[in-house]
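Peer 1: Here is the input, now give the coordinates:
(one chain, ligands or ions: 1)
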Amino acid sequence: GTADIGVTGLAVMGSNLARNLARNGHTVAIHNRSYAKTQALLDDHGDDGEFVPSETTAEFVASLKAPRTVIIMVKAGAPTDAVIEDLAAHMEPGDIIVDGGNAHFPDTRRREAAMRERGLNFVGAGISGGEEGALNGPSIMPGGTTEAYATLGPMLEKISAKVDGTPCCTYIGPDGAGHYVKMVHNGIEYADMQLIAEAYDLLRSALGLSAQEIGTIFEEWNTGDLESFLIEITADVLQHTDAETGKAFVDIILDQAEQKGTGRWTVQSALDLGVPITGIAEATFARALSGGVPQREAARAANLTAATAGWEVADKAAFIEDVRRALYASKVVAYSQGFDQIAAASAEYGWDIDRGACARIWRGGCIIRARFLDRITEAYERDADLALLISDPYFAHAIGEGVESWRRVVAGAALNGIPAPAFASSLAYYDGVRAERLPAALVQAQRDFFGAHTYHRVDKEGVFHTEWSDDRSETQQD
Ligand code: 6PG
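Peer 2: Residues are numbered from 1 along each chain as shown. The predicted structure is shown next:
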């Protein structure tokens, strides 16, 4: 064969990735279940570079140079398994199968183990940036063997987004590590989006601003610490007018947020690992609440009491600045929690993930790309084993500067009946994690009372139990 790399599954993401590879000087083998899509890619974009089309899997694999490297861009789940099986049957030991979809990491671990038994390399690569990113430079998170990365890595780095000349692609770790990191990226994406939506809602409710005016505020915010792709597109969306009605576009959209599942997976894994990712969880549940139509109807029909005062903001500019600071502080907490989760998973699965490198490859190409990711990389460069991102001096200071604003905003939202779950839970996390003493002591006592679940004491070593229903004497258990 002559092709450097192959892409199978030529829907928009696959076809854009193939074009990106070709534009960067690679000879790209292309294949799709139905040939029509392959032909369409050749017809519409054949002059992007060198393509080698094939009708069958056998021809497709034969058109590749060894070690044969194929990126699969098909629907996650059963379709991915079917394509892997088909490819593996035609491949030879040392060849490389890359799943570029949003696979659930346990699936990636299972597939990697199965392929390894057959001598094949399986790489689960998270790819972020949507259709635009796939074509012009995504952020890529590949997991698998370092041996596979030696062949694949340079090609992926070449087509990835660049920030200051540095590729937004790096080796993440063995088996499911890449897809795991992409999953957490998506969880953080949910939190970031929800926080921005809450900021918008607060500005609208408290100040009575129009969507258009709030769009201008976001535009302004995008020149400072908050500078990011999501803030930028939010400013754009808010200033867009619906052509049909002439209303603000955001007002003609049904307020029920959907999801394809990566946020839910992130929360599920966090529960398994025991990592509090309250920002991501609140964002995921906020989507669920918005989509809970019968519950929302029942609540409205019951006319549930609000008991709120009218929101009177004396100093508008100061309030806007409060919301900006509250947003930044909440965002830092959400990222801090996501990076804690990556560390916990890395330890659990033996992945040895470099969190600073994750932040570095998220600076460009992906949905959560943002200026402040540089600060995260720097924090992990200062201390690779940092237990808590917000304990890094830069972030501790940044949050410290915003904490009074944060409290005013969360308190104002509560007093005025505006739901701000991600703002509020991030603040509660901040206060919880920094607390000298937590009421967890009482929870432990309750557990011991009704279930003899034992407790530790602050003043001596050992495991203890109190005879609650007897004479309340204390016994040491170990
Ligand atoms: C990306 C995106 C991408 C997907 C969103 C949408 O990184 O390019 O994250 O993977 O479009 O995750 O996810 P939901 O449908 O779950 O909101």
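
Peer 1: CA atoms for contacts and neighbours, from now on please.
Peer 2: Will do.

Peer 1: now for the longest strand seen in the chain, which elements pack on it?
Peer 2: Across the chain, the longest stretch assigned as strand under DSSP state E is strand 121-128. Where contact means 3 or more CA pairs under 8 Å, 6 or more residues apart in numbering; DSSP states H and E, strand 121-128 is packed against strand 96-99, helix 105-117, strand 139-143, helix 146-159, helix 177-207.

Peer 1: and whatever helix or strand comes next after that strand, which residues are buried?
Peer 2: Sequence order places helix 130-136 as the next helix or strand after strand 121-128, per DSSP states H and E. Residues Gly130, Glu131, Gly133, Ala134, Leu135, Asn136 are the ones in helix 130-136 that count as buried (16 or more other CA atoms under 10 Å).

Peer 1: Isn't the fourth one up against Leu17?
Peer 2: Right, Ala134. Yes - counting by CA atoms under 8 Å, Leu17 is a contact partner of Ala134 at 5.0 Å.

Peer 1: Isn't Phe51 up against Ala29?
Peer 2: Yes - contact criterion CA under 8 Å: Phe51 and Ala29 qualify, at 5.7 Å.

Peer 1: more neighbours, those two?
Peer 2: Shown here are Phe51 and Ala29; by other CA atoms under 10 Å, Ala29 has more neighbours (28 against 23).

Peer 1: need the contact list for the more buried one.
Peer 2: Going by CA atoms under 8 Å, 6 or more residues apart in numbering, Ala29 touches Ala3, Asp4, Ile5, Gly6, Val7, Phe51, Val52, Pro53, Ser54, Phe60, Ser63, Leu64.

Peer 1: so of those residues, which ones are in strands?
Peer 2: Ile5, Gly6, Val7, Phe51, Val52, Pro53.

Peer 1: The first one: neighbour count?
Peer 2: Using other CA under 10 Å, Ile5 is surrounded by 28 other residues.

Peer 1: surely it meets Leu64?
Peer 2: Yes - assessed by CA under 8 Å, Ile5 is found in contact with Leu64 at 6.5 Å.

Peer 1: who touches the longest strand of the chain?
Peer 2: If you take CA under 8 Å, 6+ apart as the criterion, strand 121-128 is touched by 94-103, 108, 111-112, 115-116, 134, 138-145, 148, 175-179, 181-183, 365-367.

Peer 1: Now do the longest helix along the chain, average pLDDT.
Peer 2: Taking DSSP state H as the assignment, the helix of the chain that covers the most residues is helix 316-349. Across helix 316-349, pLDDT averages out at 98.

Peer 1: Could you name the helices and strands sitting against the next helix or strand after it?
Peer 2: With elements assigned by DSSP H and E, the helix or strand that comes after helix 316-349 is helix 355-361. If you count contacts as 3+ CA pairs under 8 Å, 6+ apart, helix 355-361 packs onto helix 316-349, helix 373-382.

Peer 1: With mean neighbour count, distance to Pro439 and mean pLDDT added, can I get the helices and strands packed on strand 121-128 in CSV?
Peer 2: What follows is those, written out as CSV (neighbours: other CA atoms under 10 Å; distance: least, CA to CA, whole Å; pLDDT from 0 to 100):
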stretch, mean neighbour count, distance to Pro439, mean pLDDT
strand 96-99, 26, 46, 98
helix 105-117, 17, 35, 98
strand 139-143, 32, 40, 98
helix 146-159, 18, 46, 98
helix 177-207, 24, 27, 98
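
Peer 1: The ligand: which of the ones you listed is closest?
Peer 2: Proximity to the ligand, assessed across these by CA to the nearest ligand atom, is greatest for helix 177-207 (5.0 Å).

Peer 1: quick one: that closest one to helix 316-349, angle?
Peer 2: Angle, helix 177-207 to helix 316-349, by axes from the mean of the first three to the mean of the last three CA atoms, to 10 degrees: 160 degrees.

Peer 1: Any idea which of the helices and strands packed on helix 355-361 gets closest to the ligand?
Peer 2: helix 316-349 (14.6 Å).

Peer 1: helices or strands up against the closest one?
Peer 2: In terms of contacts (3+ CA pairs under 8 Å, 6+ apart), helix 316-349 is packed against helix 177-207, helix 262-273, helix 278-291, helix 355-361, helix 393-415, helix 421-433.

Peer 1: could you dump these to JSON lines with distance to Ile231?
Peer 2: Output for these, formatted as JSON lines (distance: least, CA to CA, whole Å):
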{"stretch": "helix 177-207", "distance to Ile231": "7"}
{"stretch": "helix 262-273", "distance to Ile231": "20"}
{"stretch": "helix 278-291", "distance to Ile231": "16"}
{"stretch": "helix 355-361", "distance to Ile231": "18"}
{"stretch": "helix 393-415", "distance to Ile231": "19"}
{"stretch": "helix 421-433", "distance to Ile231": "16"}
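
Peer 1: Can you tell me which residues in the chain are near the ligand?
Peer 2: Where the chain comes near the ligand, counting by CA under 6 Å from any ligand atom, the residues are Ser128, Gly129, Gly130, Asn186, Gln259, Lys260, Gly261, Thr262, Cys366, Ile367.

Peer 1: What pLDDT is listed against the second one?
Peer 2: Looking at Gly129, its pLDDT is 96.

Peer 1: Quick check: the gap between it and Gly365.
Peer 2: 5 Å (CA to CA, to the nearest Å).

Peer 1: Find residues that contact each of these two.
Peer 2: Counting by CA under 8 Å, 6+ apart, the shared contacts of Gly129 and Gly365 are Gly137, Pro138, Ser139.

Peer 1: quick one on the thing from earlier: the longest strand of the chain versus helix 146-159: what angle between them?
Peer 2: 30 degrees.

Peer 1: What strands line up against strand 121-128, and which way round?
Peer 2: strand 96-99 (parallel), strand 139-143 (antiparallel) (DSSP bridges).

Peer 1: hang on, the earlier thing: which member of the contacts of Ala29 is positioned nearest Val463?
Peer 2: Val7 (58.0 Å; CA to CA).

Peer 1: how deep is that closest one tucked in, by neighbour count?
Peer 2: There are 25 residues near Val7, going by other CA under 10 Å.

Peer 1: The one 5 residues further on too?
Peer 2: Counted with other CA under 10 Å, the neighbours of Val12 add up to 17.

Peer 1: wouldn't it be in contact with Glu131 here?
Peer 2: Yes - Val12 is in contact with Glu131 according to CA under 8 Å; the separation is 6.6 Å.

Peer 1: In the sheet, which residues pair with the closest residue to the ligand within the stretch 1-150 of the chain? Tell me.
Peer 2: Closest to the ligand within the stretch 1-150 of the chain is Ser128: 3.4 Å, counting by CA to the nearest ligand atom. Counting by DSSP bridges, Ser128 is bridged to Ser139.

Peer 1: and it, how many residues sit next to it?
Peer 2: Ser128: 28 neighbours (other CA under 10 Å).

Peer 1: Can you give me the distance of it to Met141?
Peer 2: 8 Å.

Peer 1: anything in contact with each of the two?
Peer 2: Lys182.

Peer 1: who's in contact with Glu467?
Peer 2: Contacts of Glu467 (CA under 8 Å, 6+ apart): Ser473, Glu474, Thr475.

Peer 1: Would you agree Lys37 is in contact with Thr8?
Peer 2: No - here Lys37 does not reach Thr8: they are 10.6 Å apart, not a contact under CA under 8 Å.

Peer 1: ok, those two, which is more surrounded?
Peer 2: Applying other CA under 10 Å to Lys37 and Thr8 shows that Thr8 carries more neighbours, namely 24 against 18.
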